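>>> The following comprises the amino acid sequence and a computationally predicted model.
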Amino acid sequence: MASEALDILIGGEAGQGLVTIGQVLAKALVRRGYHILVTQDYLSRVRGGHNTFRIRTAPGPQAAPREGVDLLVALDQESLDLHAKDLRAGAQVIADSGLTCGLAPCLNVPYAELAPARYQNTVALGVAASLLGLEMPLIARELAAFLGKKMTPEVTEKNRAALAAAYDFTASQNTGFAPLPPPIPAAPRLMINGNEALALGALAAGLKFLAFYPMTPSTSIALTAIAHAKALGVVCEQAEDEIAAINMALGAAYAGAPAMVCTSGGGFALMCEGVSLAGMSETPILIALAMRPGPATGLPTRTEQGDLELALFAGHGEFPRAIYAPGGVEDCFSLAALALAQAEKHQGPVFILTDQFLADSYRACQPFDLGAVEPVRSGLQTVADEAGYRRYALTDNGVSPRALPGLSRALVVSDSDEHTEDGHLTEDLGVRVTMQDKRLRKLAGLIADRLPPSFSGPPDPDILLVGWGSTLGSLEEAAAQLDAQGRRVGVCHFRQVWPLAGEDFLERFGQAGQVVMVEGNATGQLAALIRRETGFSVGRLLPRYDGLPITPEYILRQLAL
């Protein structure tokens, strides 16, 4: 396929090694200088079920997932049957010669003749890489790096033999499939997904404690932090449940360690009392909420943007918070660092919302600028008036000087009940009003520090596509396709969904012919929040809630209805 972008889909059952093929191929493409965007679709079972690993690759940046397939690597019959309809003109199929492949053109690979059963996914990797024009030594290096300690001398030799057989076989075939165009020379890039970038952003900002209970799709945030914990002096604790996780993190934050928890919807539901405790005790905590479809267990391994209202209203009582929603992998890094700092600055809970699509989506990124991240410094290191210290002293902005227990002679008293300025429990109703007003004054500071939405396109478009979080790339690509058809289309994207300030966007909304809200949920949660806060009703809602990511094609189909 001689197109600007090429879509590779590897399909098979869990346990067949499709993730090995996909990750090695994606890493090799990045090493060779190409850009990638990975979308993973998998079922919630250890073995069996139809899974896919989709790579969109091109010489230039790729911002959104795309429908359609140019190269299908089918590891089982189901992959052939399910994805026949997705093949574009000129697409190539790779399948075992023992499968029924009625698709044309189909490269029937005699896997059993080329390698033992254990190494047949290596053969599939070699055939696909050869068709794409990737050199065998590059693939061999990336495969060895991926397998790590599993690469004993015997395994190394058998993988090398399987790759050699695959390359020799492919060279003997006349497929007519054009390899990728040469990459554009560029500085080396990272291959990293959203969860990894989020964890690294928090670590770069000074994270010192992370507690979690494993829950898809958030777990790899914790696993990334664990991988670097020893080198960076970070404590990572797998708790017995989510209630324990958030309370451990609050305890660590009280003691002065910048802290976070990572979870998904059902796990976060158990944390809500802890969120309220953070609001009352004015304890900084970062909550990374990786969304998946609910209610209840829902679709554990699919994607959705259904938890905005959960994050906004979680916790009994009223207290301020901020909610960020990264639009891409780079945003995951920068917003995690910002969110940790904002939690410390305003002394309360701060959320970063991601989703399964972004969490598992690998991209080719420039190395992050660590020098641009200011590490969080928790609390006061010294207290001027130790004898008169009051943990909840009244201030104009609602943020009190926070001393850390044990670092001075100041007595640090914190309470989950309503309390006086010095932290002691009270049932004085006048004090209650004073302290609640104090806590709520923090909202003004959060509003002052907000990130306004970004706009692109004409200031007065016929259609303004509006979205938040991981929809950014699809919004931009859909707008570009409509622009190419002569339509005047703009894009508005929210990287922060709370607090909102109408002055940041209402004027631009009013200049648009039609405002179209694109959200990965059924009810239009951001649209409803904007209406509640500003009175503005979007002209049209384009929801998606089938568990699949929003694509440019999906937006264009819905607009045409």
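Received it, and whenever you're ready, just let me know what you need. Only a predicted model underlies this, so the values are computations on that prediction, with no experimental measurement involved.
>>> all strands of the stretch 351-500 of the chain, in order?
For the stretch 351-500 of the chain, the strands defined by DSSP state E, counting those that start in this stretch cover 362-365, 454-456, 463-468, 489-494, 496-498.
>>> right, so of these, which gets closest to L250?
In terms of C-beta to C-beta, the element of these nearest to L250 is strand 496-498, at 20.9 Å. No exception for glycine: its C-beta is placed from N, CA and C like everyone else's.
>>> The closest one pairs with which strands?
Strand pairing for strand 496-498, using DSSP bridges, gives strand 322-324 (antiparallel).
>>> what's next to the strand it pairs with, contact-wise?
308, 311-312, 335, 338-339, 342, 346, 350-353, 446, 449-451, 495-499 (C-beta atoms under 8 Å, 6 or more residues apart in numbering).
>>> Looking at the strands of the stretch 351-500 of the chain, which one is packed in the most?
strand 463-468 (a mean of 27; mean count of other C-beta atoms under 10 Å).
>>> hmm, back to that, show me just the buried residues among the contacts of strand 322-324.
308, 311-312, 335, 338-339, 342, 346, 350-353, 446, 450, 495-499 (16 or more other C-beta atoms under 10 Å).
>>> rewinding a little: which one of the strands of the stretch 351-500 of the chain lies closest to P188?
strand 362-365 (9.7 Å).
>>> chain center to the closest one, what's the gap?
Centroid separation between strand 362-365 and its chain, computed with C-alpha atoms, centre = their mean, to the nearest Å, is 12 Å.
>>> tell me which strands and helices that strand is in contact with?
For strand 362-365, the elements it packs on are helix 18-32, strand 35-41, strand 190-193, helix 329-346, judged by 3 or more C-beta pairs under 8 Å, 6 or more residues apart in numbering; DSSP states H and E.
>>> for A288, helix, strand, or coil?
strand (DSSP: H, G, I helix; E, B strand; the rest coil).
>>> Please report how far it lies from P153.
41 Å (C-beta to C-beta, to the nearest Å).
>>> Between these two, tell me which one has more neighbours.
Counted by other C-beta atoms under 10 Å, A288 and P153 do not tie: A288 has more neighbours, with 28 against 7.
>>> hang on, that one packs against G201?
No. Checked against C-beta atoms under 8 Å, the pair A288 and G201 is beyond contact range at 10.1 Å.
>>> Strand partners (parallel or antiparallel) of the helix or strand hosting D7?
For D7, the element it lies in under DSSP states H and E is strand 6-14. Note on strand 6-14: by DSSP bridges, its sheet partners are strand 48-58 (antiparallel), strand 69-74 (parallel).
>>> ranking these by burial, who's on top?
strand 69-74 (a mean of 25).
>>> and that strand, C-alpha only, in PDB?
What follows is strand 69-74, C-alpha atoms only, in PDB (Å, rounded to 0.1, in the frame of the first residue of the first chain):
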ATOM      1  CA  VAL A  69      -7.000  -2.500   7.400                       C
ATOM      2  CA  ASP A  70      -4.100  -2.500   4.900                       C
ATOM      3  CA  LEU A  71      -2.200  -5.500   6.300                       C
ATOM      4  CA  LEU A  72      -4.100  -8.200   8.200                       C
ATOM      5  CA  VAL A  73      -2.000 -10.700  10.200                       C
ATOM      6  CA  ALA A  74      -4.600 -13.400  11.000                       C
END
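>>> Tell me which residues are up against that strand.
Everything outside strand 69-74 that qualifies as a contact, by C-beta under 8 Å, 6+ apart, is 1, 3, 6-12, 18, 21, 54, 79-80, 83, 86-88, 90-96, 99, 101, 103, 124, 127-128, 131-132, 177.
>>> Skip ahead from that strand and say which helix or strand is next.
On the C-terminal side of strand 69-74, the closest following helix or strand by DSSP H and E is helix 77-83.
>>> Figure out how far that following helix is from the centre of its chain.
Distance, centroid of helix 77-83 to centroid of chain: 28 Å (C-alpha atoms, centre = their mean).
>>> avg pLDDT for it?
Helix 77-83 shows a mean pLDDT of 94.
>>> Check stretch 89-99 too.
93.
>>> CA atoms only: put it into PDB for me.
C-alpha atoms of stretch 89-99 as PDB (Å, rounded to 0.1, in the frame of the first residue of the first chain):
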ATOM      1  CA  ALA A  89      -8.500  -2.000  -1.700                       C
ATOM      2  CA  GLY A  90      -5.000  -3.400  -2.200                       C
ATOM      3  CA  ALA A  91      -4.900  -4.800   1.300                       C
ATOM      4  CA  GLN A  92      -2.700  -7.900   2.100                       C
ATOM      5  CA  VAL A  93      -3.600 -10.800   4.300                       C
ATOM      6  CA  ILE A  94      -1.100 -13.100   6.100                       C
ATOM      7  CA  ALA A  95      -2.600 -16.400   7.300                       C
ATOM      8  CA  ASP A  96      -1.500 -20.000   8.000                       C
ATOM      9  CA  SER A  97      -1.800 -22.200   5.000                       C
ATOM     10  CA  GLY A  98      -4.000 -24.400   7.000                       C
ATOM     11  CA  LEU A  99      -6.700 -21.800   7.400                       C
END
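>>> who touches it?
1, 69-77, 80, 87, 101, 103, 105-112, 120, 124, 127-128, 131, 175, 177.
>>> which of these count as buried?
If we count by 16+ other C-beta under 10 Å, the contacts of stretch 89-99 have these buried: 1, 69-76, 80, 87, 101, 103, 106-107, 109, 111, 120, 124, 127-128, 131, 177.
>>> Next, count neighbours for the nearest residue to P181 once chain neighbours are set aside.
Spatial nearest neighbour of P181, chain neighbours left out: P59 (5.9 Å); criterion: C-beta to C-beta, 6 or more residues apart in numbering. By the criterion of other C-beta under 10 Å, P59 has 17 neighbours.
>>> thinking again about what came up before, residues shared between the contacts of A288 and G201?
Shared contacts of A288 and G201, counting by C-beta under 8 Å, 6+ apart, come down to A336.
>>> Tell me who's in contact with the nearest residue to L394 once chain neighbours are set aside.
Leaving out its chain neighbours, the residue that sits closest to L394 by C-beta to C-beta, 6+ apart is K438, at 5.6 Å. K438 makes contact with 392, 394-395, 398, 400 under the criterion C-beta under 8 Å, 6+ apart.
>>> what about K438, distance to V383?
20 Å.
>>> and if you look at T426?
23 Å.
>>> One more: R45?
Counting by C-beta to C-beta, the separation of R45 from V383 is 55 Å.
>>> same check, this time on D396
20 Å.
>>> go on, F212?
33 Å.
>>> between the two, who's got more neighbours?
F212 (27 against 18).
>>> Pull the contacting residues for the more buried one.
218-219, 221-222, 236-239, 245, 261-263.
>>> Please flag which of those residues sit within helices.
If you go by DSSP state H, the contacts of F212 have 219, 221-222, 245 in helices.
>>> Those residues into CSV, with extra columns for pLDDT and neighbour count?
What follows is those, written out as CSV (pLDDT from 0 to 100; neighbours: other C-beta atoms under 10 Å):
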residue, pLDDT, neighbour count
T219, 97, 19
I221, 98, 30
A222, 98, 27
A245, 98, 25
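>>> Now tabulate those residues in TSV and tack on distance to P375.
Formatted as TSV, these follow (distance: C-beta to C-beta, whole Å):
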residue	distance to P375
T219	26
I221	19
A222	21
A245	24
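>>> Can you pull the phi/psi pair for D96?
Backbone geometry at D96, expressed as degrees, to the nearest 10, gives phi -60, psi 140.
>>> export stretch 316-335 as CSV, just CAs?
Presented in CSV, the C-alpha positions along stretch 316-335 are these (Å, rounded to 0.1, in the frame of the first residue of the first chain):
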residue,chain,number,x,y,z
HIS,A,316,-20.2,13.3,50.5
GLY,A,317,-20.4,17.0,51.3
GLU,A,318,-19.1,20.0,49.4
PHE,A,319,-15.4,20.6,48.7
PRO,A,320,-13.3,21.9,45.8
ARG,A,321,-11.4,19.7,43.3
ALA,A,322,-9.8,19.9,39.9
ILE,A,323,-10.3,17.3,37.0
TYR,A,324,-7.9,17.0,34.1
ALA,A,325,-8.4,14.9,30.9
PRO,A,326,-5.3,14.4,28.7
GLY,A,327,-5.8,14.4,25.0
GLY,A,328,-2.8,12.3,24.1
VAL,A,329,0.3,10.6,25.5
GLU,A,330,2.3,13.8,25.9
ASP,A,331,-0.7,15.3,27.8
CYS,A,332,-0.7,12.3,30.1
PHE,A,333,2.9,13.2,31.2
SER,A,334,2.5,16.9,31.5
LEU,A,335,-1.0,16.9,33.2
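>>> Fine by me, we can end here.
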